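S.K.: For reference, the sequence and a predicted model appear below.
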Amino acid sequence: MSDMIVRSLMAKHPMSIKAGTELTEVVDILLQHKFTGLPVVDAHNRVIGFVSEQDCLRKLLISSYHCEGSLVVEEFMHDQPLTVKADDSAVDVAELMVTQKPKLYPVVDDQGLLIGLLTREQVLRALKDSRRGCD
């Protein structure tokens, strides 16, 4: 189990939301691809934030009630996203998932560029598979 690393579990062609994307388009992307949240990237593919369904729901409620104009993702995303590195231990990330609660972590390189996504489901599956050796 100690040799499980993020790189071996992560999705290698990650989805993301581009900076400047309008609220309703963010919602469309999340719904269409069945994600509960996604990283927000700048023009260089550097992770600058994270946006969740909950963030969108909150903003849609407020903007619909007040009939506000369009909002872009930078106005409601979390601007200090929790990220992991490809060489991090999957067990350490599992412990983070228990304490920090995110269901999905952007995987970044040393420059902060998005290189993958790691979901709770991927970690659960890997831990379950490694447990088979205990029986």
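M.R.: Perfect, thanks for sending it.

S.K.: Helices along this protein, start to end?
M.R.: With DSSP state H as the criterion, the chain has helices at 6-9, 23-33, 53-66, 90-100, 120-131.

S.K.: Out of these, which is the most enclosed?
M.R.: helix 6-9 (a mean of 17; mean count of other C-beta atoms under 10 Å). (Each C-beta comes from the backbone N, C-alpha and C, glycine too.)

S.K.: Need the mean per-residue confidence for that helix.
M.R.: Mean per-residue pLDDT for helix 6-9: 95.

S.K.: name the helices or strands packed onto that helix?
M.R.: helix 90-100, strand 114-119, helix 120-131 (3 or more C-beta pairs under 8 Å, 6 or more residues apart in numbering; DSSP states H and E).

S.K.: Output the below-cut-off pLDDT ranges for this structure.
M.R.: Counting by pLDDT under 70, the chain shows low-confidence ranges at 1-3, 64-68, 133-135.

S.K.: Please tabulate the helices and strands packed on helix 6-9 in a markdown table, including the columns distance to Val72.
M.R.: A markdown table is the format used below for the helices and strands packed on helix 6-9 (distance: least, C-beta to C-beta, whole Å):
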| stretch | distance to Val72 |
| --- | --- |
| helix 90-100 | 26 |
| strand 114-119 | 19 |
| helix 120-131 | 28 |
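
S.K.: For Arg7, which of those is the nearest?
M.R.: Nearest to Arg7, of all the helices and strands packed on helix 6-9, is strand 114-119, at 7.5 Å by C-beta to C-beta.

S.K.: Distance from that closest one to the middle of the chain?
M.R.: 7 Å (C-alpha atoms, centre = their mean, to the nearest Å).
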